[in-house]
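Student: take this sequence and fold it.
(one chain, ligands or ions: 1)
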Amino acid sequence: MKRDPQRPEECPGRPELPPPPPPSSPSPLLPSPPGEAEGPEPKSVAPVWIFGYGSLVWRPGFEFTSRKVGFIRGYSRRFWQGDTFHRGSERMPGRVVTLLEDCGACTWGVAYEVRGEQIAASLQYLNMREAVLGGYDTKLVKFHPQEKDAEEPILALVYIATPQNPSYLGPASEEDIAAQIIVSSGCAGHNIEYLLRLADFMRYFCPQAEDKHLFSIEEALISILPCLYYTEESLEETASVPQKSKG
Ligand SMILES: N[C@@H](CCC(=O)N[C@@H](CS)C(=O)NCC(=O)O)C(=O)O
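Tutor: Below is the predicted model of the structure:
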């Protein structure tokens, strides 16, 4: 998919979250879970909400009852967590996101509602994916749905990789982070996919939100890999442009 390195000034209207496609056809950004609950609501006392701000935004990997786009306050998203399994290897660790406490900031993502049997299944799955394999801890945060009529924030579980975890890499320049992402891949795929899918989610579902860190890394990556540039000219037009004289 060609990319437009400039964020659209005016998104052509934020698309609604696509309804999860039938399991046989993965959706472009927010792949359907193993099977979003259909039919009568599972019996449960109270739902649990899980907030995702990285790969969980587009690859939850567990069954859920509903999902909402929104944000949490007091945190900034940073590509400061190393990953030697999903998007990297022991020899070439990738970089994935975690949250940095940052009062006054907010981080946008997707909150998933799980009910009944979904609760144990999703937490067991995420414990393996995030905690055991990823080095993330859990924390409770207040999630603010983007819907205008949403009154109260929702208490949600979030996975955060703290500086104490062994895979934590910490700060680096956006250029260095982009260079590391370019050469890393793991069991879940290339680290470039991880970055670009997250940038696409923000561009199209949260166009009003700022995320300088994320988009600076995307721009640095695109400047290194011009093949990702989006051009409106057709190849023929480009080819017909007279070459500059070598001077
Ligand atoms: N906890 C964050 C980040 C989670 C994350 O991206 N974890 C990585 C590393 S453990 C992961 O699950 N990767 C799976 C993938 O890259 O597809 C979230 O809520 O999305």
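Student: for the longest helix along the chain, what is the average pLDDT?
Tutor: In the chain, assigned by DSSP state H, the helix with the most residues is helix 191-205. For helix 191-205, the mean pLDDT works out to 97.
Student: does any bit of it sit next to the ligand?
Tutor: Yes - with C-beta under 6 Å from any ligand atom as the measure, helix 191-205 is seen reaching the ligand through residue 194. From N, CA and C alone the C-beta is placed, and that goes for glycine too.
Student: keeping just the C-alphas, turn that helix into CSV.
Tutor: Provided in CSV are the C-alpha atoms of helix 191-205 (Å, rounded to 0.1, in the frame of the first residue of the first chain):
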residue,chain,number,x,y,z
ASN,A,191,8.5,-4.2,12.6
ILE,A,192,7.7,-1.9,9.7
GLU,A,193,4.1,-3.3,9.6
TYR,A,194,3.7,-2.7,13.3
LEU,A,195,4.7,1.0,12.9
LEU,A,196,2.7,1.7,9.7
ARG,A,197,-0.5,0.0,10.9
LEU,A,198,-0.4,2.1,14.1
ALA,A,199,0.2,5.3,12.2
ASP,A,200,-2.7,4.4,9.8
PHE,A,201,-5.0,3.8,12.8
MET,A,202,-4.2,7.2,14.2
ARG,A,203,-4.4,9.0,10.8
TYR,A,204,-7.8,7.6,10.0
PHE,A,205,-9.6,7.0,13.3
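Student: output the below-cut-off pLDDT ranges for the chain.
Tutor: 1-44, 150, 228-247 (pLDDT under 70).
Student: which strand of it spans the most residues?
Tutor: Across the chain, the longest stretch assigned as strand under DSSP state E is strand 94-114.
Student: in that one, what counts as buried?
Tutor: The neighbour-count check on strand 94-114 (16 or more other C-beta atoms under 10 Å) flags 94-100, 105-114 as buried.
Student: quick one on the thing from earlier: quick one, the longest helix of the chain and strand 94-114 angle?
Tutor: Interaxial angle of helix 191-205 relative to strand 94-114 (axes from the mean of the first three to the mean of the last three C-alpha atoms, to 10 degrees): 50 degrees.
Student: my guess is residue 177 meets residue 217, correct?
Tutor: Yes - counting by C-beta atoms under 8 Å, residue 177 touches residue 217, with 5.2 Å between them.
Student: so for the two, which sits in the more crowded spot?
Tutor: Neighbour count, other C-beta atoms under 10 Å: between residue 177 and residue 217, residue 217 has more, with 26 against 23.
Student: can you list the residues of this structure near the ligand?
Tutor: So far as C-beta under 6 Å from any ligand atom goes, the chain lies against the ligand at 52-57, 59, 83, 86-87, 96-97, 129-130, 133-134, 136, 159, 188, 194.
Student: take those and keep only those in helices.
Tutor: Going by DSSP H, the helices hold 55, 56, 57, 194 from the residues of the chain next to the ligand.
Student: okay, now the third one: neighbour count?
Tutor: Looking back up the chat, that one is residue 57. If we define neighbours as other C-beta under 10 Å, then residue 57 has 25 of them.
Student: contacts only, for it.
Tutor: 30, 109, 110, 197, 198, 201 (C-beta atoms under 8 Å, 6 or more residues apart in numbering).
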